[in-house]
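Trainee: Build me a model:
(chains A and B)
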Amino acid sequence: GEQVEQRPPHLSVREGDSAFITCTYTDPNSYYFFWYKQEPGASLQLLMKVFSSTEINEGQGFTVLLNKKDKRLSLNLTAAHPGDSAAYFCAEGNNYAQGLTFGLGTRVSVFP
Amino acid sequence: DTTVKQNPRYKLARVGKPVNLICSQTMNHDTMYWYQKKPNQAPKLLLFYYDKILNREADTFEKFQSSRPNNSFCSLYIGSAGLEYSAMYLCASSTTGGASEQYFGPGTRLTVL
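Mentor: Below is the predicted model of the structure:
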């Protein structure tokens, strides 16, 4: 089936540095994209959803870039702080199926 | 309130025994989902309910059953648990449409012995 490849699986960054996570997908029908954050023992929390191509979407402490031509989605945690330590999952959806297809996740650790 | 609740949080089951997991939401979402997540694997959609209509993924069709007695509740049922069912089970809900964000519960960790 269609897949979402997410890299890297683990990321260790110093406080104040950036953390960059990339997902590539294969489904040509993919239209909606999501980033979720999961802290230990907690639920997946939506960070952002995007569906416009080649647009930088800015959130609180992070930016998301979607490039539909390259089928690539990225998340950049700018100036990481300890509260960013969590697992991050990308996911894609389309108009033909209700469920989401997830990446494997990236475990981010921010150290002082 | 955007909370999705799951019960129990941890479940221990014996091989061959049935398992019933419960999910609830109070957001009046018309769609509820069940995902399975195993270590080092991506969450995988098992099935979803749109209103009263159950849709099960083809590769897990015979392994899982579900019921939705009302809009707020949805269960996941395993008739005879096997070791391969040990996983985290995530429930989510949303309004209809691929663009709708899914709200997730904390998950139920099922261990089959």
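Trainee: and the helix or strand where A:C90 lies, what does it pack onto?
Mentor: Assessed by DSSP states H and E, A:C90 sits inside strand A:86-93. On a contact count with 3 or more Cβ pairs under 8 Å, 6 or more residues apart in numbering or on different chains; DSSP states H and E, strand A:86-93 meets strand A:4-7, strand A:19-25, strand A:32-38, strand A:72-77, strand A:101-102, strand A:106-111. C-beta coordinates here come from the backbone N, C-alpha and C atoms, glycine included.
Trainee: low-scoring pLDDT stretches of the chain, where are they?
Mentor: As the question left the chain open, I've gone with chain A. Along chain A, segments meeting pLDDT under 70 span A:1-2, A:52-57.
Trainee: right idea, wrong chain: chain B
Mentor: B:1-2, B:97-98.
Trainee: Next, name the residue at the spatial heart of it.
Mentor: B:W34 (2.9 Å; Cα atoms, centre = their mean).
Trainee: Give me the distance between it and chain A.
Mentor: 10 Å (Cβ to the nearest Cβ, to the nearest Å).
Trainee: who's that residue bridged to?
Mentor: With DSSP bridges as the criterion, B:W34 is bridged to B:L47, B:C91.
Trainee: Which residues are in contact with it?
Mentor: Taking Cβ atoms under 8 Å, 6 or more residues apart in numbering or on different chains, we find B:W34 in contact with B:C23, B:L45, B:L46, B:L47, B:F48, B:F64, B:S66, B:C74, B:L76, B:Y89, B:L90, B:C91.
Trainee: need the contact list for the closest residue to chain A within chain B.
Mentor: Residue nearest to chain A within chain B: B:L45 (3.5 Å; Cβ to the nearest Cβ). Counting by Cβ under 8 Å, 6+ apart, B:L45 touches A:G99, A:L100, A:T101, B:Y33, B:W34, B:Y35, B:E57.
Trainee: Verify the contact between the fourth one and B:K44 for me.
Mentor: So that's B:Y33. No: the criterion here is Cβ atoms under 8 Å, and B:Y33 misses it with B:K44 at 11.0 Å.
Trainee: Get me the contact residues on chain B for chain A.
Mentor: Residues of chain B lying close to chain A (Cβ under 8 Å from any Cβ of the partner chain) are B:4, B:31, B:33, B:35, B:40-45, B:48, B:50, B:55, B:57, B:90, B:92, B:96-99, B:101-107.
Trainee: Whichever of these end up buried, select them in PyMOL.
Mentor: Entered in PyMOL, the line below selects the buried ones among the residues of chain B next to chain A, by 16 or more other Cβ atoms under 10 Å in any protein chain shown:
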select buried, chain B and resi 4+31+33+35+42+43+44+45+48+57+90+92+98+99+101+102+103+104+105+106+107
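Trainee: For B:Y77, which non-adjacent residue is spatially closest?
Mentor: Using Cβ to Cβ, 6 or more residues apart in numbering or on different chains and skipping residues adjacent in sequence, the residue nearest B:Y77 is B:Q65, 4.4 Å away.
Trainee: any idea how far A:D84 is from the one you found?
Mentor: B:Q65 is 39 Å from A:D84, where distance means Cβ to Cβ, to the nearest Å.
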